[in-house]
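A.B. asks: sequence and computational prediction follow.
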Protein chains: 2
Amino acid sequence: MTTEPRREQLLNAADRVVQREGPGASMNAIAAEAGITKPILYRHFGDRNGLIGALTARHTSGLLAAVRAALNEPLERRDRVEHVLDIYLAAIEARPQVYRLLTHPEPGDPTGAGNALAPALRQIAEEITRAIQQQIDLGQDGPLLSETWGRSITGMVLAAGDWWLETRPCPRARMVQALADLLWGRLSAAADLPPMLAAPEARPEA
Amino acid sequence: MTTEPRREQLLNAADRVVQREGPGASMNAIAAEAGITKPILYRHFGDRNGLIGALTARHTSGLLAAVRAALNEPLERRDRVEHVLDIYLAAIEARPQVYRLLTHPEPGDPTGAGNALAPALRQIAEEITRAIQQQIDLGQDGPLLSETWGRSITGMVLAAGDWWLETRPCPRARMVQALADLLWGRLSAAADLPPMLAAPEARPEA
DNA sequence: CCCACCATGTTACCGGAGGTAACAGCGCAG
DNA sequence: CTGCGCTGTTACCTCCGGTAACATGGTGGG
């Protein structure tokens, strides 16, 4: 294990090409970037999943550690949640291509195919679950709720982060507020609007 | 447009093969199931995305209509939300392979690649956004919050639904409660647990 | 009656993907 | 010098999405 410089070197090349072409970059392209040919890659990583796995593992550790640290920050609960949200959004903002690699892996893997959460995100979900379990008293439903909520919050932030990166509807801080507000039950606390009896306009058609 | 029986027939075949092999079924397999060869499929649908699009459109309409109806049910807000959640979970429970097709399409499309939300889910997100905008008074932040929340809630339910289908940790009704509780701010309302100074046991290792 | 047309269907191919086999050098211990 | 392990190559396989070119058959207009 210790360092393994060749591997690192190849991963650097893979990193560059993924940064440039997004995930789904071909093995040929990665090999070319590294100045070599395919079979070497396969010798080192077994198959494409191996390469991608190694590549994601590299970047995952950083994000995961950051999220974990944020989850254990000694803050008021709301501030802690906002901090975690901000950490995640800042990370995906800083390097969108890498983030895509982590969050939207190419399919291929037959292991439980069809999961919304990529491995990196599953780890984050578990981290959230653990934090909830350790920090919040949910009574006897604790285990189920914390597991469900870990996945739910991860999926929620994933979808919201994707949309935010795509359309940039607001600065990051505002996005953090919007998400925290949702988690804080603002959806349930807000007042009703009177039912629309007949929309006078702005109803172009479905 | 009117009916187009051949197309329907081909879509039925595609449906069968997707039901059996999941999304990612090959064009050859679909053609074989239909008793014909590839070029005919391409004549009718242009390319793979065309076929998959037509296939999803078929199933989307039902789910989308059900969700839309649930969103406009004349119920107390909490009951309405629970109803929507239940509709969605019931749908994916009933036909998981079809649901996978709708929620986890194969990538391929360069159009905004890397989105967490498949087209069908994006439509659901828009429906939720619209419902929030029409039903809830969020002040001047309404537009931003409703859009953000539409995506967020969709992503949350997607991830939670995936996990639930996979591991079946509880009956559907309980899952609905867990998700509604999250949206109702139970995460913020619950009491703190005392900080763990030293976990006495049950810490097997990461 | 014949023909031109159109949808149906076919075979055979292309380029590019992941992946593998077989072979060619290089450096170094014994 | 010889064997061995690592690096590297070329050439190939299979399967995929997609296409070109050609072969049918029914149908309606001259």
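C.D. replies: Okay, I see it.
A.B. asks: how much space between A:Arg20 and A:Ala29?
C.D. replies: Separation of A:Arg20 from A:Ala29 (C-beta to C-beta, to the nearest Å): 9 Å. In this view, the C-beta of every residue, glycine as well, is placed from N, C-alpha and C.
A.B. asks: quick one: residues in contact with the one helix or strand in chain A whose mean pLDDT sits lowest.
C.D. replies: Within chain A, confidence by mean pLDDT, DSSP states H and E is lowest for strand A:191-192 among all helices and strands, at a mean of 78. Strand A:191-192 is contacted by residues B:77, B:135-137 when judged by C-beta atoms under 8 Å, 6 or more residues apart in numbering or on different chains.
A.B. asks: now with 7 Å, please.
C.D. replies: Here strand A:191-192 makes contact (C-beta atoms under 7 Å, 6 or more residues apart in numbering or on different chains) with B:135-137.
A.B. asks: ditto for stretch A:125-135
C.D. replies: A:64, A:67-68, A:71, A:117, A:142, A:146-147, A:149-151, A:153-154, B:192-193, B:196.
A.B. asks: stretch A:59-70 too?
C.D. replies: By C-beta under 7 Å, 6+ apart, stretch A:59-70 touches A:83-84, A:87-88, A:91, A:98, A:102, A:120, A:123-124, A:127.
A.B. asks: sort those residues by pLDDT and name the bottom one.
C.D. replies: Among the contacts of stretch A:59-70, A:Val98 carries the weakest pLDDT, at 81.
A.B. asks: need the strands for chain A, in chain order.
C.D. replies: A:136-137, A:191-192 (DSSP state E).
A.B. asks: is the biggest helix by length in chain A anywhere near chain B?
C.D. replies: Longest helix in chain A by number of residues, with DSSP state H as the criterion: helix A:142-167. Yes. Helix A:142-167 lies within reach of chain B by C-beta under 7 Å from any C-beta of the partner chain, at A:144-145, A:147-149, A:151-152, A:154-156, A:158-160, A:162-163, A:166.
A.B. asks: could you turn the buried ones of those into a PyMOL selection?
C.D. replies: Typed into PyMOL, the line below selects the buried ones among those, using 16 or more other C-beta atoms under 10 Å in any protein chain shown:
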select buried, chain A and resi 144+145+147+148+149+151+152+154+155+156+158+159+160+162+163
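A.B. asks: and the least confident helix or strand of chain A, how far out from the chain middle?
C.D. replies: 33 Å (C-alpha atoms, centre = their mean, to the nearest Å).
A.B. asks: for A:Leu75, list the residues it contacts.
C.D. replies: By C-beta under 7 Å, 6+ apart, the neighbours of A:Leu75 are A:His83.
A.B. asks: check A:Gly139 too.
C.D. replies: A:Gly139 makes contact with no residue, according to C-beta under 7 Å, 6+ apart.
A.B. asks: per the record, what domains does chain A have?
C.D. replies: Listed by automatic domain parsing, the domain ranges of chain A are A:1-46, A:60-184.
A.B. asks: can you tell me which of the ones you listed is nearest to B:Ala178?
C.D. replies: domain A:60-184 (4.4 Å; C-beta to C-beta).
A.B. asks: end-to-end on that closest one?
C.D. replies: Criterion C-alpha to C-alpha, to the nearest Å; first-to-last residue distance in domain A:60-184 is 28 Å.
A.B. asks: now check that domain, is it near DNA strand D?
C.D. replies: No. Judged by C-beta under 7 Å from any atom of the strand, domain A:60-184 stays clear of DNA strand D, getting no closer than 11.9 Å.
A.B. asks: mind checking how far that domain is from the chain centre?
C.D. replies: 6 Å.
A.B. asks: what about chain A, any weak spots by pLDDT?
C.D. replies: A:1-3, A:105-114, A:196-206 (pLDDT under 70).
A.B. asks: give me that answer again for 90
C.D. replies: A:1-8, A:19-24, A:75-77, A:95-120, A:138-140, A:142, A:188-206 (pLDDT under 90).
A.B. asks: can you map out the helices along it?
C.D. replies: So, for chain A - with DSSP H - the helices run A:5-21, A:27-34, A:38-45, A:48-71, A:77-94, A:96-103, A:119-135, A:142-167, A:172-183, A:186-189.
A.B. asks: among those helices, which is the most enclosed?
C.D. replies: Of all these, helix A:142-167 has the most neighbours on average by mean count of other C-beta atoms under 10 Å in any protein chain shown, namely a mean of 23.
A.B. asks: and the angle for it with helix A:77-94?
C.D. replies: Between the axes of helix A:142-167 and helix A:77-94, defined by axes from the mean of the first three to the mean of the last three C-alpha atoms, to 10 degrees, the angle is 40 degrees.
A.B. asks: quick one: list the elements packing against helix A:142-167.
C.D. replies: helix A:77-94, helix A:119-135, helix A:172-183, helix B:142-167, helix B:172-183 (3 or more C-beta pairs under 7 Å, 6 or more residues apart in numbering or on different chains; DSSP states H and E).
A.B. asks: quick one: closest of these to DNA strand C.
C.D. replies: Of all the helices and strands packed on helix A:142-167, helix A:119-135 sits nearest to DNA strand C, with 16.9 Å by C-beta to the nearest atom of the strand.
A.B. asks: so which of the domains of chain A is nearest A:Ile52?
C.D. replies: Closest approach to A:Ile52 among the domains of chain A (C-beta to C-beta): domain A:60-184, 6.5 Å.
A.B. asks: wouldn't A:Leu121 be in contact with A:Ile153 here?
C.D. replies: No. Between A:Leu121 and A:Ile153 there is no contact under C-beta atoms under 7 Å: 10.8 Å.
A.B. asks: brilliant, that's me finished.
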